[in-house]
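no sequence for this one, just the structure:
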Ligand code: AHR
């Protein structure tokens, strides 16, 4: 069966310029994220510092623009001083976040070496779990102050003459979570976040700061937490964080409900904007706080028992090693369209994480690195989404959802790059059995238009995965039959498929 749908955008109706930081990732000292992931001295592809070049190459291909580091829950018990200076003198520590032993062989400078190798912006965090404003401003001074003070000279004595120039800083991690080392009430955290932000800005006015929102939309603290925290620190921060891990709904394990999490997370963003703007209103402030969705991904299979904790304080155990399916990749694609469509307030997003731990890239020790299914929609979006996000007007049949009402089968976003004349159209067909006969109108974007790229991700088995033995089972294929007629595109989308069409107009 085939059904009809349409998507219309207009050159003059945009949402906002797309911030390329929407294509961020996350590297935490957790499981095999760092050790045995991006870093494996002795691996055949390792560079002079021990970082795997095959993983670096895949990270470049993924197109990630910013990377959050070093946690996560790990951050809340971590002393930055442990990860600088001569490696042989660095302490081994118990990591109470993941019940592992941390060797500190990768720290600030090694990680920045990796960032430079892959061409990615670092986003650092300061520990507001066991420590506070003084540690944070000292770390910032160590990193960013040019020289002439004890801490900046300490950095220089560690071989980094020039300031490290870390611009984006997270003020702690998930501080409302009972699992967090040093959990805080909203008032405690709001006060500390404010004082930390104040000191950090005094030390370096050029930085950008993100305060912790509640650690999930379904936390009992959500809402009140955002309101109280911002009451304290609204004037001092630039972003508020959101975290979301998508699950198979327990009551109804259907793919339809799974994909409806796109709308749930859209509401999460819009509700959070509403709370931030309510705080602004109360304060008679014209400031509009931006959002940083700095942890997001599918995570429900490797989320219990030995996936979370292993006995004996191991080094780099196999934790959170979720194996992703085609169904997951469809949700990731749809989620990315939703992120783009909130580009007016959502400026940063980090897929959690990058390597081995709930990750688009997997590795085996001494062996290969490969792309999980979710790698593909992310890489396609990061490659082609450049410019202004245009407001999509969608006409599509849909299905009923208990939480959201009628949900259209079509999820879409359109990003237009005036500099190149390229328009990228991202499309998810959520109908599980029917093809979509789609008409796209790119009004005012140029009638002389040629096809640059058209790819689809689909398959008969939504549970298909990529593995070390079959790394290419789920991968984009050519999307044939895109017809271009002036500003109009016509295409048939397979059921349960993710599609990316890029065209280029000749513009005066
Ligand atoms: O990404 C895994 C963990 O999930 C992070 O450490 C924490 O912030 C979140 O709860």
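All right, it came through fine. Quantities reported herein were computed from a predicted structural model and do not represent experimental measurements. Numbering: from 1, shown residues only.

tell me the secondary structure for the residue of the stretch 201-350 of the chain found nearest the ligand?
Residue of the stretch 201-350 of the chain nearest the ligand, by CB to the nearest ligand atom: residue 295 (5.5 Å). In this view, the C-beta of every residue, glycine as well, is placed from N, C-alpha and C. Three-state call for residue 295 (DSSP: H, G, I helix; E, B strand; the rest coil): strand.

does the closest residue to residue 170 other than its chain neighbours count as helix, strand or coil?
The shortest distance from residue 170 to any non-neighbouring residue, by CB to CB, 6 or more residues apart in numbering, is to residue 125 (4.0 Å). Assigned with three-state DSSP, residue 125 falls in the strand class.

What is the neighbour count of residue 125?
By other CB atoms under 10 Å, 27 other residues sit near residue 125.

is it true that residue 191 lies in a helix?
Yes: Residue 191 forms part of a helix when assessed by three-state DSSP.

pretty sure it is touching residue 232, no?
Yes: look at residue 191 against residue 232 with CB atoms under 8 Å: they come within range, at 5.4 Å.

Compare the two (neighbour count), which wins?
For residue 191 versus residue 232, the count of surrounding residues by other CB under 10 Å is larger for residue 232: 22 against 16.

Name the residue of this protein that lies nearest to the ligand.
Of all residues in the chain, residue 72 sits closest to the ligand, at 2.9 Å by CB to the nearest ligand atom.

Need phi/psi at the nearest residue to that residue once chain neighbours are set aside.
Nearest residue to residue 72, sequence neighbours excluded (CB to CB, 6+ apart): residue 28, at 3.7 Å. Here is the backbone geometry of residue 28 (degrees, to the nearest 10): phi -110, psi 150.

wait, doesn't the residue nearest to residue 170 sit right on residue 168?
No: taking contacts as CB under 8 Å, residue 125 lies outside contact range of residue 168: 9.7 Å.

between these two, what contacts are shared?
Here residue 125 and residue 168 share no contacting residue, scored by CB atoms under 8 Å, 6 or more residues apart in numbering.

The longest helix seen in the chain - contacts with which helices or strands?
Longest helix in the chain, counting residues (DSSP state H): helix 261-282. Applying 3 or more CB pairs under 8 Å, 6 or more residues apart in numbering; DSSP states H and E, we find helix 261-282 packed against helix 224-233, strand 239-246, strand 290-298, helix 326-340.

Please name the nearest non-neighbouring residue to residue 37.
Per CB to CB, 6+ apart, closest to residue 37 is residue 355, 3.7 Å.

So what pairs up with the one you found in the strands?
With DSSP bridges as the criterion, residue 355 is bridged to residue 361.

need the residues of the stretch 1-150 of the chain near the ligand, please.
For the stretch 1-150 of the chain, the contact set with the ligand under CB under 6 Å from any ligand atom comprises 28, 71, 72, 73.

which of the residues you listed lies closest to residue 176?
Comparing these against residue 176 with CB to CB places residue 73 closest, at 12.7 Å.

what's around the closest one, how many residues?
Neighbour tally, residue 73, other CB under 10 Å: 22.

which residues does the closest residue to it other than its chain neighbours contact?
Closest residue in space to residue 73, ignoring its immediate chain neighbours: residue 97 at 3.7 Å, by CB to CB, 6+ apart. If a contact means CB under 8 Å, 6+ apart, then residue 97 has 30, 71, 72, 73, 74, 76, 77, 181 as its contacts.

Quick check: the farthest pair among those?
30 and 181 (13.3 Å).

So between these two, which is more surrounded?
residue 30 (28 against 20).

Isn't the more buried one up against residue 70?
No: Residue 30 is beyond contact range of residue 70, at 9.1 Å (criterion: CB under 8 Å).

Return the residues in contact with the spatially closest residue to residue 279 that is not a sequence neighbour.
Distances taken as CB to CB, 6+ apart put residue 230 closest to residue 279, at 4.3 Å, once the chain neighbours are dropped. Listed by CB under 8 Å, 6+ apart, the contact set of residue 230 reads 190, 211, 240, 275, 276, 279, 289.

So the residue nearest to the spatial centre of the chain versus residue 407, what's the distance?
With distances taken as CA atoms, centre = their mean, the residue of the chain nearest its centroid is residue 350 (1.7 Å). Remark: distance between residue 350 and residue 407 (CB to CB, to the nearest Å) = 26 Å.

Turn the residues of the stretch 1-150 of the chain next to the ligand into a markdown table, columns for secondary structure.
Formatted as a markdown table, those follow (three-state DSSP):
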| residue | secondary structure |
| --- | --- |
| 28 | coil |
| 71 | coil |
| 72 | coil |
| 73 | helix |
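
Need phi/psi at residue 445.
Dihedral angles (degrees, to the nearest 10) for residue 445: phi -100, psi 10.

Quick check, pLDDT for it.
Listed pLDDT for residue 445 reads 95.

ok, now the one 5 residues further on?
Residue 450 is assigned a predicted lDDT (pLDDT) of 95.

Tell me how many other residues surround residue 264.
Quick note: residue 264 (other CB under 10 Å) scores 18 neighbours.

what does residue 329 give?
30.

got the domain boundaries for this protein?
2-10+389-505, 19-384 (automatic domain parsing).

So which of these is the most surrounded?
Highest mean neighbour count among the domains of the chain (mean count of other CB atoms under 10 Å): domain 19-384, with a mean of 20.

gap between the two ends of that domain?
Separation of the first and last residues of domain 19-384 by CA to CA, to the nearest Å is 13 Å.

any idea of the mean pLDDT for that domain?
97.

Off-centre distance for it?
Centroid separation between domain 19-384 and its chain, computed with CA atoms, centre = their mean, to the nearest Å, is 8 Å.

now the helices for this protein?
So, for the chain - with DSSP H - the helices run 53-62, 108-118, 133-144, 150-157, 186-203, 224-233, 255-259, 261-282, 326-340, 375-384.

what angle do the fourth one and helix 108-118 make?
In this structure, helix 150-157 runs at an angle of 60 degrees to helix 108-118, with axes from the mean of the first three to the mean of the last three CA atoms, to 10 degrees as the basis.

what residues does helix 150-157 touch?
84, 138, 141, 142, 143, 145, 146, 147, 163, 164.

Tell me who's in contact with residue 454.
Applying CB under 8 Å, 6+ apart, the residues contacting residue 454 are 478, 479, 480, 482, 491, 499, 500, 501, 502.

Residue 14 too?
Per CB under 8 Å, 6+ apart, neighbours of residue 14: 388, 389, 390, 391, 416.

and if you look at residue 168?
66, 121, 122, 123, 124, 207, 208, 210, 348.

rerun that using 7 Å as the cut-off
66, 123, 208 (CB atoms under 7 Å, 6 or more residues apart in numbering).

now do residue 65
Residue 65 sits next to 20, 21, 23, 24, 120, 121 when contact means CB under 7 Å, 6+ apart.
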